[in-house]
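Student: I would like the atomic coordinates for the input below:
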Amino acid sequence: MIARLRSSFTREGILKARAIESRLMNDTWSSPDYDLLPKLRNLRIPTLVISGDHDFIPAATAEHITEAIPNARLVTLKDCGHFSYLECPVAVREQIDAFFHGKMRPARLQ
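Tutor: Predicted coordinates for the structure are as follows:
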């Protein structure tokens, strides 16, 4: 997987990604009036928030996002970091399948 990712890293691709990242930062976090919560509160689609218990993003942030989205569900995967889809792909697929089939497990740590 990592080898495939590395093969797509070209100078042009990296520069393009940096330009997109810079534009997103300017349009969001760098703006003094940026507030994502009102947009999240207006979502009316089923939402699954997946976090890892070893994520570098604080658990409180995932909880805050989940609470802002009406009827969102939070799953915290045990022994996973920020890139849970790479670190714990089986658990991520199981949770997504359960979510779409209406069989969410109530436990936080899966």
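
Student: check which helix or strand covers Val90.
Tutor: With elements taken from DSSP states H and E, the one containing Val90 is helix 89-100.

Student: Buried ones in that helix, by neighbour count?
Tutor: Neighbour-count burial for helix 89-100, counted by 16 or more other Cβ atoms under 10 Å, picks out Ala91, Val92, Glu94, Gln95, Ala98, Phe99. All C-beta spots, glycine's among them, are computed from the backbone N, C-alpha and C.

Student: other SSEs contacting it?
Tutor: strand 48-52, strand 73-77, helix 84-87 (3 or more Cβ pairs under 8 Å, 6 or more residues apart in numbering; DSSP states H and E).

Student: Next up, the contacts around the closest residue to Arg41 other than its chain neighbours.
Tutor: Excluding its sequence neighbours, the residue lying closest to Arg41 (Cβ to Cβ, 6 or more residues apart in numbering) is Ala68, at 5.6 Å. For Ala68, the contact set (Cβ atoms under 8 Å, 6 or more residues apart in numbering) comprises Leu37, Leu40, Arg41.

Student: could you measure Ala68 against Ile50, distance?
Tutor: Ala68 sits 16 Å away from Ile50, going by Cβ to Cβ, to the nearest Å.

Student: same thing with Ser22?
Tutor: Going from Ser22 to Ile50 by Cβ to Cβ gives 27 Å.

Student: what's the spacing between the longest helix anywhere in the chain and its chain's center?
Tutor: Longest helix of the chain, by residue count under DSSP state H: helix 11-27. Relative to the centre of its chain, helix 11-27 is centred 19 Å away, using Cα atoms, centre = their mean, to the nearest Å.

Student: what do you get for stretch 46-65?
Tutor: The answer for stretch 46-65 is 7 Å, by Cα atoms, centre = their mean.

Student: If you count neighbours, what's buried in it?
Tutor: Under 16+ other Cβ under 10 Å, the buried positions of stretch 46-65 are Thr47, Leu48, Val49, Ile50, Ser51, Gly52, Asp55, Ala62, Ile65.

Student: Quick check, Leu77 in contact with Gln95.
Tutor: Yes - counting by Cβ atoms under 8 Å, Gln95 is a contact partner of Leu77 at 7.4 Å.
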